[in-house]
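S.K.: Take a look and give me a structure for this.
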Amino acid sequence: MKRIAVYCGASFGNQAVYQQVTVELGRWMVDQNLGLVYGGGKYGLMGVLANQVLDLGGSVIGIVPQNLADMGTILERLEDVRIVPDISERKLEMLRLGDGCLALPGGPGTLEEIVDAFSWMRIGDNLKPCAFYNVNGYYDDLRAMFQKMVSHEFLTQTDFDKLLFSDSLNEIYQFMDTYVPPIVDIKG
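M.R.: Take a look at the predicted model:
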């Protein structure tokens, strides 16, 4: 693994722990010699993470849709910023550049991007691991929803097992480093 695509919000959230784990994630990524691919923003957890990685000498690539670039959201100190036409292109570029996909606690945009990556894995369009950094159980309800999809037979147990919810960076690394993509078996 060389880079992780990290999905996170342009907000801080209302608990200090979200910023704390974001700083820890940045430090951990640099310690593991992992580059960051992210949405290129300067606000919220996005800015915290990118600044931490840059402060420690790590590599950061920002992928920014044109409309957000026009709004001045780009972290100015980024040396590698790639402007793409829209959010759909950003998702594709982040998947292309990252060797794994990780979601910090965040809002609907964070959720949409990581769920898209997981959904694309199920049809063979993403061969990279997807994980939720489940800080303080933030994603417990989502994990329960995915388990409900399994019990109602809208998601296979095999595919669900290819998705990780964890509050341990070491477990996340091990999951991503040993990940084997599923065999795509779409039944109509």
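S.K.: And the host helix or strand of residue 171, what's buried?
M.R.: Taking DSSP states H and E as the definition, one finds residue 171 inside helix 169-177. For helix 169-177, burial by neighbour count (16 or more other C-beta atoms under 10 Å) applies to 169, 172-173, 175-176. C-betas here are computed from N, CA, C, even on glycine.
S.K.: which stretches of this structure form strands?
M.R.: Using DSSP state E, the strands of the chain run over residues 3-7, 35-38, 60-65, 81-84, 101-103, 130-133, 163-166.
S.K.: Tell me which of these lies nearest to residue 139.
M.R.: strand 130-133 (4.4 Å; C-beta to C-beta).
S.K.: List the neighbouring strands of that closest one plus their orientation.
M.R.: Next to strand 130-133 in the sheet, as set by DSSP bridges, lie strand 101-103 (parallel), strand 163-166 (parallel).
S.K.: In CSV, list the ones you listed along with mean pLDDT.
M.R.: CSV is the format used below for these (pLDDT from 0 to 100):
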stretch, mean pLDDT
strand 101-103, 98
strand 163-166, 98
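S.K.: Save those as TSV, and put in mean neighbour count and distance to residue 66 too.
M.R.: Listed next are the strands paired with strand 130-133 as TSV, based on neighbours: other C-beta atoms under 10 Å; distance: least, C-beta to C-beta, whole Å:
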stretch	mean neighbour count	distance to residue 66
strand 101-103	26	23
strand 163-166	20	31
